[in-house]
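Asks: Quick one, fold the following:
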Amino acid sequence: MIVVMYVVKVPNRGSPPAILLRESYREAGKVKNRTLANLSAWPEAKVDALTRVLKGQPPPAADLDGAFEITRSLPHGHVAAVLGTARQLGLEELIDPAPSRHRDLVAAMAVAQVIAPDSKLAIARGLRDQTAASSLGEVLGAGSCDEDDLYAAMDWLAARQEAVEDALAARHLAGGTLVLYDVSSAAFEGRTCPLGAIGHPKDGVRGRLQIVYGLLTSKDGVPVAIKVFAGNTGDPTTVAAQVARIKDRFALTRVVLVGDRGMLTAARLREDVAPAHLDWITALRAPAVKKLVRGGDLQLTLFDQIDLAEITSPDFPGERLVACMNPFLRAERARKRESLLQATEADLGKIAAACARARAPLRGKDKIALRVDRVLNRRKVAKHFTIAIADDSVSYARNQDSITAEAALDGVYVLRTSVAAGDLDSPGIVSSYKALAQVERAFRAFNTDLDIRPIRHRTETRVRAHVFLRMLSYYISWHMQARLAPVLFADDDKPAARDARPSPVAPAARSPRALAKAATKQTPADLPVHSFGSLLADLATICLNTIAPADPALPGFRLVTTPTPLQRHALDLLGVSHRLGVT
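Replies: This next block holds a predicted model:
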């Protein structure tokens, strides 16, 4: 967007012409003009000086020093980008069709979480007029809010969560579609909320109260619904709630539920998914794969020529089994196993040295066994070692037969599905299961980019609203990153990336264009390439400036920084104006 400022004389019937400072810009293909200030009271020399400056000419001796003062500058470009995208997505109408202060505050929290994730107290401070960190509070009319207002808006949002999710499902889930589902956890602060419990941590934070949340997305990874469970809830237990949500609330005629093997267990498939008449795709656990090999249903020689094959087994009647061999995964598992074995041997060597040392040697079969068990259990490789323990010594050796047997299945995995062959071929099943990585990416965004932690709310309602707000923020950022892909390090040439992939079993490949962006740090148009976070920081340098003339008789005006070529291109990709909300 090109903005031009100029001074113009406007005829004034019966009076001297008015001298106006105006701004001209193009928006949606139309040229628009806006009056910034009335300069009629200025002396002619000062008007002439300003005119010369706006034309790029050197000012006369009587220059403009002291003629204007910038009284405040608020970062605005990132607000225009994020809020503009949210409005293009119709997010405010999804939250509630009727405008209200609660809706504005919810939108403010969702946008603020994309721009600068923080606590509700910090967000409220950043919205208020006196302590504003950006133009967000002014654009949304939230400049007088405090944290209690935000908490009240969260309570209001919690009552509307189902309606919002229903609207998102109607938008992103068709009658027959893949639905991705996975579960994660987040550490919890405090001890007053009943949802906080000790459980199996997925975010790496151990020994803390946590919550568990299940995220439902479209096949492309667009978040549709989220549900919070107590922190000690097992992954499979969450499936029943999601099945009911998919089938009953969203009224979908046919759905393929895709989940990992730890969640869509045999019991859940039998008791929850099958009665709801949902199709599904999941994977077999390692013991089941080994049983297929022992029984001859899966012959590893299949993979001498191909990396993908359908097999059958009487243990899985009426189901399709797709056996896959990933050579990259095979090499990685071999590398990891060798690393674990070497680390375990080093620790066992320390125990053997402790038994053989001259001063205070380690003695006692029970004491030695206790230390050995601790080492073996730390890395889960006990089956790969033979250990001999005496009262004053320990010896160990690798169990090569066990290692060889496990290595034979490196890189092999088997997908299990109820989808008929006519509806989805084997490569499609593999690609659908790999699409779960989209949900995992959402979890990474929740736990890092959008900072779901720390969770300090004390009531179930606010904890649920807090997590739902994060989902709405991710909904905005997902669409922004998709549109901004040409100026981000993300791959913006998916067809070429798919063509570069030798097999659906192989890891995802990057397109030549994405590789070139990564190598040169420049787009094909020679613009700098950004991460999503650094691009928002760049856009934040577009400021909303409040300018006051030195002459108190003249009115002040607002002026937005002219975007750089990169900023202008990014805003064009989003389809928003840098003047969003500026009057």
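Asks: buried residues in the strand or helix carrying Asp538?
Replies: Asp538 is part of helix 532-539 when elements are defined by DSSP states H and E. Going by neighbour count (16 or more other Cβ atoms under 10 Å), the buried part of helix 532-539 is Phe532, Leu535, Leu536, Ala537, Asp538, Leu539. Every C-beta, even on glycine, is put in place using the N, C-alpha and C of the backbone.
Asks: same deal with stretch 548-561?
Replies: Ala548, Pro549, Leu554, Phe557, Arg558, Leu559, Val560, Thr561.
Asks: Among those residues, list the two that are farthest apart in space.
Replies: Greatest spatial distance among those (Cβ to Cβ): Leu554 and Thr561, at 22.0 Å.
Asks: before we move on, the earlier item: want to try JSON lines for the buried residues of stretch 548-561, with distance to Asp146, secondary structure and pLDDT as columns?
Replies: Output for the buried residues of stretch 548-561, formatted as JSON lines (distance: Cβ to Cβ, whole Å; DSSP: H, G, I helix; E, B strand; the rest coil; pLDDT from 0 to 100):
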{"residue": "Ala548", "distance to Asp146": "28", "secondary structure": "strand", "pLDDT": "86"}
{"residue": "Pro549", "distance to Asp146": "34", "secondary structure": "strand", "pLDDT": "80"}
{"residue": "Leu554", "distance to Asp146": "35", "secondary structure": "coil", "pLDDT": "68"}
{"residue": "Phe557", "distance to Asp146": "30", "secondary structure": "strand", "pLDDT": "81"}
{"residue": "Arg558", "distance to Asp146": "25", "secondary structure": "strand", "pLDDT": "85"}
{"residue": "Leu559", "distance to Asp146": "30", "secondary structure": "strand", "pLDDT": "87"}
{"residue": "Val560", "distance to Asp146": "28", "secondary structure": "strand", "pLDDT": "90"}
{"residue": "Thr561", "distance to Asp146": "30", "secondary structure": "coil", "pLDDT": "92"}
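Asks: ok, so of those residues, who is nearest Arg335?
Replies: Thr561 (50.8 Å).
Asks: I'd say the closest one and Ala540 touch.
Replies: No. If you go by Cβ atoms under 8 Å, Thr561 and Ala540 don't touch, sitting 10.3 Å apart.
Asks: Give me the common contacts of those two.
Replies: Counting by Cβ atoms under 8 Å, 6 or more residues apart in numbering, the residues touching both Thr561 and Ala540 are His76, Gly77.
Asks: can you give me the strands in the stretch 201-350 of the chain?
Replies: Under the criterion DSSP state E, counting those that start in this stretch, the stretch 201-350 of the chain contains strands at 210-217, 223-230, 254-258, 279-283, 308-311, 320-325.
Asks: List the pairing partners of the fifth one within its sheet, with orientation.
Replies: Think strand 308-311. strand 320-325 (antiparallel) (DSSP bridges).
Asks: Show residues contacting the strand it pairs with.
Replies: 284, 292, 297-298, 302-303, 306-313, 411-421, 426, 429-430, 505.
Asks: and what of stretch 226-237?
Replies: By Cβ under 8 Å, 6+ apart, the list of residues contacting stretch 226-237 reads 165, 183, 185, 188, 194-200, 209-216, 238, 241-242, 245, 262-265, 267-268, 463-464, 467-468, 471.
Asks: What helices and strands are in contact with the least confident helix or strand in the chain by mean pLDDT?
Replies: Least confident element among the helices and strands of the chain, by mean pLDDT, DSSP states H and E: helix 436-444 (a mean of 72). Helices and strands touching helix 436-444, by 3 or more Cβ pairs under 8 Å, 6 or more residues apart in numbering; DSSP states H and E, are strand 176-187, strand 210-217.
Asks: Low-confidence ranges, the stretch 51-200 of the chain, go.
Replies: Scanning the stretch 51-200 of the chain for pLDDT under 70 picks out 56-66, 175-176.
Asks: let's see it at 90
Replies: When residues are selected by pLDDT under 90, those of the stretch 51-200 of the chain lie in 51-71, 117-119, 143, 170, 173-200.
Asks: for it, what spans make up the strands?
Replies: Secondary structure of the stretch 51-200 of the chain (DSSP E, counting those that start in this stretch): strands at 68-75, 176-187.
Asks: Output those as JSON lines; include the columns mean neighbour count and distance to Val82.
Replies: Shown next, in JSON lines, are the strands of the stretch 51-200 of the chain (neighbours: other Cβ atoms under 10 Å; distance: least, Cβ to Cβ, whole Å):
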{"stretch": "strand 68-75", "mean neighbour count": "15", "distance to Val82": "12"}
{"stretch": "strand 176-187", "mean neighbour count": "22", "distance to Val82": "23"}
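Asks: Would you mind telling me which of the ones you listed is nearest Arg22?
Replies: strand 68-75 (15.7 Å).
Asks: which residues are contacting the closest one?
Replies: Under Cβ under 8 Å, 6+ apart, the answer for strand 68-75 is 132-135, 138, 540-550, 556.
Asks: what about the nearest residue to Pro427 once chain neighbours are set aside, distance to Ala323?
Replies: Closest residue to Pro427 apart from its sequence neighbours, by Cβ to Cβ, 6 or more residues apart in numbering: Pro504 at 4.2 Å. In this view, Pro504 and Ala323 are 13 Å apart by Cβ to Cβ, to the nearest Å.
Asks: what residues are shared contacts of these two?
Replies: Shared contacts of Pro504 and Ala323 (Cβ under 8 Å, 6+ apart): Leu308.
Asks: Which one's more surrounded, these two?
Replies: Ala323 (25 against 20; other Cβ atoms under 10 Å).
Asks: the helices in the stretch 201-350 of the chain, which residues?
Replies: Counting by DSSP state H, counting those that start in this stretch, the stretch 201-350 of the chain has helices at residues 239-244, 266-268, 286-294, 327-356.
Asks: The stretch 451-583 of the chain too?
Replies: 460-483, 494-499, 512-520, 532-539, 565-574.
Asks: which stretch among these comes nearest Leu340?
Replies: Using Cβ to Cβ, the nearest of the helices of the stretch 451-583 of the chain to Leu340 is helix 512-520, at 31.7 Å.
Asks: What residues does the spatially most central residue of the chain make contact with?
Replies: In the chain, the residue lying closest to the centroid (Cα atoms, centre = their mean) is Ala445, at 3.1 Å. Residues in contact with Ala445 (Cβ under 8 Å, 6+ apart) are Tyr474, Ser477.
Asks: Over to the one 10 residues further on?
Replies: If a contact means Cβ under 8 Å, 6+ apart, then Ile455 has Ala186, Ala187, Phe188, Glu189, Ile211, Val463, His466, Val467 as its contacts.
Asks: picking that back up, just the buried members of the contacts of stretch 226-237?
Replies: The buried subset of the contacts of stretch 226-237 (16+ other Cβ under 10 Å) comprises 165, 183, 185, 188, 195-197, 199, 209-216, 238, 242, 245, 263-265, 268, 463-464, 467-468, 471.
Asks: among the helices of the stretch 451-583 of the chain, which is nearest Glu23?
Replies: With Cβ to Cβ as the measure, helix 565-574 is the member of those nearest Glu23 (16.1 Å).
Asks: Give the rounded mean pLDDT of that closest one.
Replies: Across helix 565-574, the average pLDDT comes to 95.
Asks: and the angle for it with helix 532-539?
Replies: Orientation check (axes from the mean of the first three to the mean of the last three Cα atoms, to 10 degrees): helix 565-574 against helix 532-539 gives 120 degrees.
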